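Colleague: Provided below are the primary sequence and the corresponding predicted coordinates.
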Amino acid sequence: MAGDYYQQQQQQQEQQVLVVLQQLQQQQQQQQQQQQQQEQQVLVVLQQLQQGETPAADGDSRAAAARDKRKKYKTAAERGDSMQQQSSKRRQQAYQRYP
């Protein structure tokens with residue numbers, strides 16, 4: 001009987017040790033992930049500094065990106081003008097081809 005009792009105690013202790021080990025491993029993984037995220041953020045800020053940007057909050061850099069995008073595209077009025085020019089060019093070419 002006493003042997004059984006000791007065996008049970010030992011198994012419980014081993015189980016507890018395993019649980020503690022698992023918890024430690026999980027904590028380590030979480031810390032590693034946090035560290036990687038922080039390193040990533042530092043790298044992003046460094047890149048921004050190298051490119052001459054001030055490290056901006058996320059929203060600011062998004063706004064800047066949107067502004068840059070807007071610069072690339074023509075306004076509707078400009079687009080309309082260029083389309084009119086193209087169609088008048090085509091008309092002239094057609095007249096030249098088929099007088």
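Modeller: Okay, I see it. Numbering: from 1, shown residues only.

Colleague: got a list of what Glu78 touches?
Modeller: Going by CB atoms under 8 Å, 6 or more residues apart in numbering, Glu78 touches no other residue. Any C-beta I mention is one placed from the backbone N, CA and C, and that applies to glycine too.

Colleague: from Arg90, how far off is it?
Modeller: 19 Å (CB to CB, to the nearest Å).

Colleague: just Gln28 next, same as before
Modeller: Taken as CB to CB, the spacing of Gln28 relative to Arg90 amounts to 69 Å.

Colleague: ok, Gln15 - how many residues close by?
Modeller: Neighbourhood size, Gln15 [other CB atoms under 10 Å]: 10.

Colleague: now the longest helix along the chain: mean pLDDT?
Modeller: Determined from DSSP state H, the single longest helix within the chain is helix 2-50. Mean pLDDT, computed over helix 2-50, is 86.

Colleague: off-centre distance for it?
Modeller: Counting by CA atoms, centre = their mean, to the nearest Å, helix 2-50 is centred 26 Å from the centre of its parent chain.

Colleague: same for it, what does it pack against?
Modeller: When contacts are defined as 3 or more CB pairs under 8 Å, 6 or more residues apart in numbering; DSSP states H and E, helix 2-50 packs onto no helix or strand at all.

Colleague: helix/strand/coil for Gly52?
Modeller: Going by DSSP: H, G, I helix; E, B strand; the rest coil, the secondary structure assigned to Gly52 is coil.

Colleague: mind splitting the chain into its structural domains?
Modeller: With domains defined by the TED database, the chain comprises 1-55, 56-98.

Colleague: what comes into contact with stretch 10-24?
Modeller: Defining contact as CB under 8 Å, 6+ apart, one finds that nothing outside stretch 10-24 touches it.

Colleague: return the distance of Ser82 relative to Ser88.
Modeller: Counting by CB to CB, the separation of Ser82 from Ser88 is 11 Å.

Colleague: just Val45 next, same as before
Modeller: When distance is defined by CB to CB, Val45 is 51 Å away from Ser88.

Colleague: comparing these two, which residue is more hemmed in?
Modeller: Neighbour tally, Val45 and Ser88, criterion other CB under 10 Å: the higher count belongs to Val45, 14 against 10.
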